[in-house]
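[1] Sequence and predicted model, in that order:
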Amino acid sequence: MLKKRLTWLVLLLVFTFVGDRLGGWVLGKIRDKSNFRYSRLYTGRAKADILLVGNSRGLPLFQPYVEEATHKKTLNLSYNGLPNYLGVAFVLDYLDRYPAPDEIIYDITICNGGNPPLTIGMGPYAKYSPRVDSLVKAVSDQDTTGSYDFAWKGQQFSHLYRYDSEVFLQMPYYLNKSDEFWLMDRVIPQAMIDDMPNFKPYPFNIWPSMLVDLRQMVHVAEAKGTKVKFIVGPYYPGYADKLPNLDELISTVKEATGLPVHDFSRGLSESTYFADYQHPNLKGSKAYIDLLKEAGVFE
């Protein structure tokens with residue numbers, strides 16, 4: 001009886017291992033064929049003249065309209081909640097793999113703390129990027145909550161576990177279509193407009209390491225002949241005035257990198273240009289891009 005149980009246990013372990021590897025292989029094929037921005041980045045399909053980088057506030061740098069305005073090819077590396085350390089890692093990985101772009105347009109409001117769940121969720125790309133892999137490991141090693149301390153080791157052990165995240169859901173979604181139209185296209189609700197006087201935004205969580213990362217990115221980019229343009233995208237009218245340390249963020253980045261920051265935080269004055277307090281909609285995006293062009297950000 002014991003021998004029979006051991007046999008079944010061994011078979012179970014073998015099938016689990018084989019299933020994990022087979023499932024990981026299938027999901028890896030989806031990752032590599034997807035038109036999702038990071039899949040294209042790591043499979044040689046992302047050559048561009050202009051890199052656009054930010055968190056969700058980088059998504060209103062609407063690629064079709066930027067390309068219409070500049071007549072240049074773009075790649076938007078922005079993502080909802082993207083932390084600065086991942087943004088810099090993606091830029092450096094791009095510079096390692098492709099001819100130097102003309103410009104990097106970088107929204108510095110990405111400098112706002114970390115994002116462990118999203119960092120762990122980028123695990124599918126660790127295969128292609130030692131930088132991403134080291135960031136996943138760092139988040140795991142530094143976790144004190146018990147939520148992510150196992151993540152890096154789990155991804156090394158289980159190939160399927162690497163895809164257990166919201167990030168993976170973008171890969172099949174964009175398998176057969178472009179992700180260049182990723183933008184909130186709605187008008188801010190009246191309830192939000194009415195509540196604006198009472199809303200108190202959190203301050204930016206500015207880490208010293210962010211400034212080190214930005215300096216490294218600027219150094220590498222400029223050595224390759226790429227210009228880095230730091231920007232602050234538009235906020236809903238009055239919202240920027242409520243941010244406790246926006247001016248501190250701007251001055252800190254200027255001092256750390258030696259580069260100017262083009263501040264468009266108060267650049268749009270119509271409520272119909274916004275989806276919420278922090279994000280221009282499609283109409284606002286076009287007006288925002290026109291501002292960037294008029295200010296000479298696009299060259």
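    Here it is on my side, so go on. Numbers count the residues shown, from 1 in each chain.

[2] Could you tell me the end-to-end distance of stretch 71-91?
    Looking at stretch 71-91, the gap from its leading to its trailing residue is 22 Å under the measure CA to CA, to the nearest Å.

[3] For the helix or strand harbouring residue 191, the averaged confidence score.
    In this structure, residue 191 is located in helix 190-195 according to DSSP states H and E. Summarised as a single mean, pLDDT over helix 190-195 is 96.

[4] Quick one: distance of the helix or strand following it to the chain centre.
    Counting by DSSP H and E, the element after helix 190-195 in chain order, helix or strand, is helix 208-223. Its chain's average C-alpha position is 17 Å from that of helix 208-223, according to CA atoms, centre = their mean, to the nearest Å.

[5] my hunch is that residue 106 is in a strand, does that hold up?
    Yes. In this structure, residue 106 lies within a strand as judged by DSSP: H, G, I helix; E, B strand; the rest coil.

[6] neighbours around the closest residue to it other than its chain neighbours, how many?
    If you skip the residues right next to it in sequence, residue 106 has residue 53 as its closest partner in space, 4.7 Å away by CB to CB, 6 or more residues apart in numbering. Any C-beta I mention is one placed from the backbone N, CA and C, and that applies to glycine too. When neighbours are counted by other CB atoms under 10 Å, residue 53 registers 28.

[7] Report pLDDT for residue 53.
    Reading off the confidence values, residue 53 has pLDDT 98.

[8] Ok, residue 182 next?
    What the model reports as pLDDT for residue 182 is 89.

[9] Wait, it touches residue 59, no?
    Yes. Counting by CB atoms under 8 Å, a contact exists between residue 182 and residue 59, whose distance comes to 5.6 Å.

[10] Quick check: neighbours shared by those two?
    residue 76 (CB atoms under 8 Å, 6 or more residues apart in numbering).

[11] higher neighbour count, those two?
    Between residue 182 and residue 59, counted using other CB under 10 Å, residue 59 has the larger neighbour count: 23 against 19.

[12] Show the contacting residues for the more buried one.
    Neighbours of residue 59 in contact, by CB under 8 Å, 6+ apart: 76, 78, 80, 182-184, 279.

[13] Which ones among those map onto helices?
    Judged by DSSP state H, those include no members of helices.

[14] In this protein, mark out all the helices, start to finish.
    Taking DSSP H as the criterion, the chain contains helices spanning 2-33, 37-42, 63-70, 84-97, 116-121, 130-142, 151-157, 166-173, 190-195, 208-223, 239-242, 246-257, 282-294.

[15] what's the closest of these to residue 49?
    Shortest separation from residue 49 across the helices of the chain is recorded for helix 63-70, at 7.7 Å, computed as CB to CB.

[16] helices or strands up against that closest one?
    Contacts defined by 3 or more CB pairs under 8 Å, 6 or more residues apart in numbering; DSSP states H and E place helix 63-70 against strand 50-53, strand 74-76, helix 282-294.
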